[in-house]
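J.: Take a look and give me a structure for this.
(2 chains)
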Number of protein chains: 2
Amino acid sequence: MSEWALLGDAHVPKSGWEFPPDEYRRRVEGARRLMAGGGIDCLLLTSEKSIRYLTGYHAQEWINQTYSRYVLLPLDREPIAVVPTGRVPGFQSTTWIRDIRSWLAPNPADDGVTLVTDALRSVLRPHGRVGAEIGPEMRLGVPVADFLRIRDALEISCVDAGPILRRLRMVKSPLEIERISRAAQLTSEAFERLSRQLAPGKTERDVYNLMHVLLVELGAEKVPYIVPVSGAHGYDQINVGPTDRMLNTGDLLLIDVGATWRGYFCDFDRNFALGRTTDEFRSAHSLLFEATEAGINCIRPGRTMSDIWRAMTKVIAPDGRLNAWHGRMGHGVGLDLAEPPSLAEGDRTVLEEGMVLTLEPMVTLPGAGGMPWRRMVHEEDGVVAKAGFDLLTRRAPSTLPVV
Amino acid sequence: MSEWALLGDAHVPKSGWEFPPDEYRRRVEGARRLMAGGGIDCLLLTSEKSIRYLTGYHAQEWINQTYSRYVLLPLDREPIAVVPTGRVPGFQSTTWIRDIRSWLAPNPADDGVTLVTDALRSVLRPHGRVGAEIGPEMRLGVPVADFLRIRDALEISCVDAGPILRRLRMVKSPLEIERISRAAQLTSEAFERLSRQLAPGKTERDVYNLMHVLLVELGAEKVPYIVPVSGAHGYDQINVGPTDRMLNTGDLLLIDVGATWRGYFCDFDRNFALGRTTDEFRSAHSLLFEATEAGINCIRPGRTMSDIWRAMTKVIAPDGRLNAWHGRMGHGVGLDLAEPPSLAEGDRTVLEEGMVLTLEPMVTLPGAGGMPWRRMVHEEDGVVAKAGFDLLTRRAPSTLPVV
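T.: Below you'll find the predicted structure:
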C-alpha cells in the first residue's frame, strides 16, 4: 500500500503534524482490519473528528459550515481528500494524505459532489460497500442532500461506519491519554482555585466567567463547556446555564466542565455548598462518592460497562429500584466530550486497557422548590489500566465541600 | 394559533429566556409566512442554531453528540419538541414550547425516531411537505440513518428548509446586532492589547494563548476560533494554526478570531509586521484597506452581494484578472461564524437594513518561501444601515502596523 512509504520510519513529520507517523499507521491499519472484517471497501468520512483521527487534519475551521470536506479511505488503495481550494495547504501541512483534490468553494450547485463521486468510482469495485457516518452518535459533516446525491449516483450500498470508528477511537494510545490527562489536571487545578473564590452574592454567570479565565490561564486550548447550576433546593438539570441567578448562603452549586488540551477533552464536575448545607445534600454527596468508588474498584480489563453500571447502582439504589430519569452514568471521553461506550445497563462493551472513561453517578432527590424531582451528580475521569482504573482527575473530597 | 397566547404580551419571560417574547413571535411568524409561500407544512429542525433561533433553547450541551433533539414547527398547529428526558427541564426553562415529549436516552435502537414519526403524523395532512435542514450550508443535528427512517416511515416529501432559515436569520434584530457588536468591540480591544505584547521570540502558540486570555478576560463567552499564521514570506492559508513556529523580525503575522458574546459571533482578523516589513506587504495591506473601503462605500439597502464583490475586486484587480484561488470575500455573521449570504460574484442577495456582514478582501502574492502562492487577507464586520454600512469593529489602521 503506497502510503506506507509516506508513513514509513524514514518519513520526518512536518511541523504541522500533531502525532508521529506511527500513531496514524496504527489507526489506519486498525481501520482497514475492521473494514476487511466487515466487508467494507471504502470509508467515506466527512466529520471533524473522524478526519482528524485518521488523517491528522486539526483545524479550528470546522465551525465554518459553508464548506464541505471529504476523505476517502479505501481498503487497498491510496486515500483521497476532497476539500475546498483554500484548505489544500492546511491538508498538506497537517496530514499524511498525498492525493488531495479541490474545488473553488462555496459552489452551492456542486460543493465537491462530482469530485467525490468520481473519486469513489475510481476506488470502488462494482457493487462496492461504503462505510459512512450515518448511525448512532454519528453526525455527517456535509449537507445530507449532497451525501444522498453521491450515494444515489453510484448505487453503492452504504452502511454505518460507526462501529469501526467507535471501536478504533475507544482505546486510546499513550499519546492520547497524555493529552486527556493534561486537560483533566489543569481543570482540577482550576476547580481548586475557583473554590477559593466562590461566595454568596456572585451570580452563576460570574462563576462561569471566573472558571473560564482560570481554565484559559492554566492552558486550556478550548473551553466548549462550563455549566454552573445552583439553587437553595439543588438542581433538576445539568445542561442549561449559566443564568443571572445570584448565589445565596445554603445553595447547592454544581459546575460541569468540558475543556481540551490539544484537541482532547476532559469532562467532569464538582459540587459546592455555599456557607452551609443540609443533611440531605451531605448524604447524597457521600452516596455519589461511594458509588464512584464502587465503580473505580470494579473496573479492570475484561469487565463490561454493564458490570460497572451495576456496581455503581448497587450503592445508589441498594433495593434495585431506580426511577424513570435514571439513564447512563458515564461514557467515553477523547476527541469528543462524550463518546462511546455508555456506562449503561445495556452496554456490553468489554473494557480494555487504554479506554478513557468518565464515571458519572446520579442520585435523584424528591421534588422541592418547584422542581418535580431533583438530581445530584458527581464525575471523575480515568483510564482503564492493567489491574484497575487510573484516575486522571484529582479525586473530589469524600464530603460535600462547604465554601 | 395557541402558542400566541403563550407568546402574548402578558407573558412574563422566565429567567432562562435569552430574548423577550416579541423576538420569538417575529421569528416564528416570519417562518410561517415563508413556509406558507413555499408550500411547506412543517419544519423538522434538528440543529443547534435553528432550534436556538426559533425556540430560544440555548445550551452548551450541543457538543454532546450522543443525544438527538428535534423540534417540529407546523404551519398551523402547536410546535412539538422531542428531546431526551434529561433535557426536558432545560427546554421548559429556556423556550416557549409547551408540548415537550421525551424518551430515556441514549437508546440506540430508537433515539426519538418513533416519537418524532408519531408527532409528524399527528400534525401533517396526507402528502404533507416537510422542510428539513438538508441543503447547502446546512447540517443535520441527528444521525442521518434516523432522519431517513423518519422520512421513509411517513412517505412524506422532504424539501430543504435552508432557504427559509437563511432568509429569516440573514436580517438581524436590534437585540441580535447588540450582541454581535459586543463581541466585535471586545475583540477589537483584545487585538489592541495584544499588539503591545507581540515580539520576536514568541511562538504562534504563545500568540494563541495571549489572545485567548485577553478575549476571555474581556468577557468573550466562547472562543472557538483563534488562528495565528506567520512567516518571513507571509502565509498561504488562514485555516490551520497555531504551530510552534517562533516569530522573527520581519515576519508577517495574521490572527483571525471568531468569538461570541451571548451566542453571537464576530469574525475578523488583523495583520502585524514584526519589527520591520517590506514594500510588498505594505502595499498589499494598503490595497486590502482600500478594497474594504470600496466595499463599505458601496453598501446600502438595495445593492446586491455581487455589487459589493465587484466594487472590492475593482480595487484588488483593476484589470479584472483574478487567479484561481480567489473565492468569496466575505459573508454573513450571526449565530454562526460564517453564514449566508456570500460576498461572491454569483450571490445576488439584495442587501437589507439589519444584515450583518464581514468584508474579507484577499490579495494573492506570487510564490515564495516554498509556497506556490501566498495570500493576504483583511476583515471588518458591520451592519447594513439605512444609508450605508455601520462598522461594528474598530477599523484597522490604513497602513500595516509594525509592532
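
J.: and residue A:242, how far is that from residue A:186?
T.: Separation of residue A:242 from residue A:186 (CB to CB, to the nearest Å): 21 Å. Backbone N, C-alpha and C define where each C-beta goes, glycine included.

J.: Enumerate the residues of the stretch 1-150 of chain A near chain B.
T.: A:15-16, A:58-61, A:63-66, A:84-90, A:93-94, A:104-106, A:108, A:111, A:132-145, A:147 (CB under 8 Å from any CB of the partner chain).

J.: Filter those down to the buried ones.
T.: Burial by neighbour count, 16 or more other CB atoms under 10 Å in any protein chain shown: within the residues of the stretch 1-150 of chain A next to chain B this picks out A:16, A:58-61, A:63-66, A:84, A:86-90, A:93-94, A:105-106, A:108, A:111, A:132-145, A:147.

J.: Among these, which are located in strands?
T.: Among these, DSSP state E puts A:84, A:132 in strands.

J.: mind listing what the one residue in the stretch 251-400 of chain A that gets nearest to chain B touches?
T.: The nearest approach of the stretch 251-400 of chain A to chain B comes at residue A:338, 4.5 Å away (CB to the nearest CB). Residue A:338 makes contact with A:267, A:331-332, B:64-66 under the criterion CB atoms under 8 Å, 6 or more residues apart in numbering or on different chains.

J.: JSON lines for those, including pLDDT?
T.: Below are the contacts of residue A:338 laid out as JSON lines (pLDDT from 0 to 100):
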{"residue": "A:267", "pLDDT": "98"}
{"residue": "A:331", "pLDDT": "98"}
{"residue": "A:332", "pLDDT": "98"}
{"residue": "B:64", "pLDDT": "96"}
{"residue": "B:65", "pLDDT": "96"}
{"residue": "B:66", "pLDDT": "96"}
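
J.: a markdown table for those, including distance to residue B:262?
T.: Listed next are those as a markdown table, based on distance: CB to CB, whole Å:
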| residue | distance to residue B:262 |
| --- | --- |
| A:267 | 24 |
| A:331 | 29 |
| A:332 | 31 |
| B:64 | 21 |
| B:65 | 24 |
| B:66 | 26 |
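
J.: Now the two most distant members of the residues you listed.
T.: A:267 and B:65 (13.0 Å; CB to CB).

J.: quick one, phi/psi of residue A:96?
T.: Torsion angles at residue A:96 (phi, psi; degrees, to the nearest 10) stand at phi -90, psi 0.

J.: Kindly provide the distance from it to residue B:236.
T.: 19 Å.

J.: which one of these two has more residues nearby?
T.: More neighbours surround residue B:236 than the other of residue A:96 and residue B:236, with 25 against 19 (other CB atoms under 10 Å in any protein chain shown).

J.: For beta bridges, what are the partners of the nearest residue to that one once chain neighbours are set aside?
T.: Spatial nearest neighbour of residue B:236, excluding adjacent residues (CB to CB, 6 or more residues apart in numbering or on different chains): residue B:371 at 4.1 Å. Beta-bridge pairing of residue B:371 under DSSP bridges involves residue B:368.

J.: what's the answer for the one 4 residues further on, then?
T.: Per DSSP bridges, residues listed as beta-bridge partners of residue B:375: residue B:235, residue B:364.

J.: State the number of residues packed around it.
T.: 22.

J.: what's it in contact with, if anything?
T.: B:234-238, B:325, B:362-365.

J.: among the residues you listed, who's most crowded?
T.: Comparing the contacts of residue B:375 by number of neighbours (other CB under 10 Å), residue B:236 comes first, having 25 neighbours.

J.: Provide a complete list of residue ranges assigned to strands in the stretch 101-250 of chain A.
T.: Along the stretch 101-250 of chain A, counting by DSSP state E, counting those that start in this stretch, strands occupy A:129-132, A:157-160, A:222-231.

J.: I'd assumed residue A:289 was in a strand, is it?
T.: No - the assignment for residue A:289, made by DSSP: H, G, I helix; E, B strand; the rest coil, is helix rather than a strand.

J.: ok so, going back, please flag which of the buried ones among the residues of the stretch 1-150 of chain A next to chain B sit within helices.
T.: When those are checked against helices (DSSP state H), the matches are A:88-90, A:93-94, A:144-145, A:147.

J.: Quick check, pLDDT for residue A:10.
T.: We have a pLDDT of 38 for residue A:10.

J.: now do residue A:319
T.: With respect to pLDDT, residue A:319 has a value of 83.

J.: Okay, buried residues for the helix or strand containing residue A:294 please.
T.: Following DSSP states H and E, one finds residue A:294 within helix A:279-298. For helix A:279-298, burial by neighbour count (16+ other CB under 10 Å) applies to A:280-281, A:284-285, A:287-289, A:291-296, A:298.

J.: just those residues that are near chain B?
T.: Near chain B, by the rule CB under 8 Å from any CB, you find none of the buried residues of helix A:279-298.

J.: Give me every residue in the stretch 201-350 of chain A lying close to chain B.
T.: Applying CB under 8 Å from any CB, we find that the stretch 201-350 of chain A lies next to chain B at A:209, A:212-213, A:216-217, A:219, A:222-227, A:236-240, A:243-245, A:258, A:324-325, A:327-328, A:331, A:336-339, A:342, A:344.

J.: returning to that earlier point: take the strands of the stretch 101-250 of chain A and write them to a markdown table, including mean pLDDT.
T.: As requested, those are exported to a markdown table (pLDDT from 0 to 100):
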| stretch | mean pLDDT |
| --- | --- |
| strand A:129-132 | 97 |
| strand A:157-160 | 95 |
| strand A:222-231 | 98 |
